[in-house]
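1. Structure, please.
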Amino acid sequence: MRVTIFAALLSLIGFAVAASDCAPDRVSLRGNWGREDFTVELADTNETRERGLMFRESMPRFSGMLFVYDAPHHARFWMKNTLIPLDMIFVGPNGVVQKIHKLAVPHDETTIDGGNGIIAILEINGGLADMLGITVGSEMQHPAFGATAVWPCN
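-> A predicted model of the protein is given here:
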């Protein structure tokens, strides 16, 4: 797990920094492969979800976009106007990863089917899911998951 300089400084001056504290701009994933934190942009309106990561030429390594929906649904994505390869991590209402689509091809308009019962999708740089070992069954922590989350916010 990476520790930010800011968190380290706060810790040094006596402020407790809990690793499991949630924030809207952060997603944590854990599994038998380990744990990783991502800084995310939240796409939780029709407008932000429709635009997604279109027209971006790059994205920092441990960054991404978290698409959040009001209710579980059948998730379908495509890569129209998306310039960088992405891994898409499809998550159920309890915060458990249900499906991972790896290395989505830029500009490909073929439908990527994430399945039923999906409430959130995390898009990260293509190839990162394999590099980190993220698998189906991994657990996600974010304020978007309610009381039924397997890894709830503190």
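
2. make it CA atoms for all contacts and neighbour counts henceforth
-> Will do.

3. nearest residue to Trp33 other than its sequence neighbours?
-> In space, and not counting its chain neighbours, Trp33 is closest to Gly133: 5.6 Å by C-alpha to C-alpha, 6 or more residues apart in numbering.

4. what about the one you found, neighbour count?
-> 15 (other C-alpha atoms under 10 Å).

5. Quick check: phi and psi on it?
-> phi 90, psi 20 (degrees, to the nearest 10).

6. measure it to Ile118 for me?
-> Distance of Gly133 to Ile118, computed by C-alpha to C-alpha, to the nearest Å: 21 Å.

7. Check Val97 too.
-> 9 Å.

8. what's the average pLDDT for stretch 95-106?
-> On average, the pLDDT along stretch 95-106 is 98.

9. from here on, count from 659
-> Okay, residue one is now 659; in that scheme the one you just asked about reads as stretch 753-764.

10. Can you name the residues in contact with it?
-> 737-750, 770, 772-773, 776, 784-785, 787-788, 793-799, 803, 807-809 (C-alpha atoms under 8 Å, 6 or more residues apart in numbering).

11. can you rerun that using 6 Å?
-> Residues from elsewhere that reach stretch 753-764 (C-alpha atoms under 6 Å, 6 or more residues apart in numbering): 737, 740-749, 784-785, 794-798, 807.

12. buried subset of these?
-> Neighbour-count burial (16 or more other C-alpha atoms under 10 Å) is assigned, among the contacts of stretch 753-764, to 737, 740-749, 784, 796-798, 807.

13. in the protein, which spans are helices?
-> Per DSSP state H, the chain has helices spanning 663-670, 704-709, 786-790. These are given in chain order.
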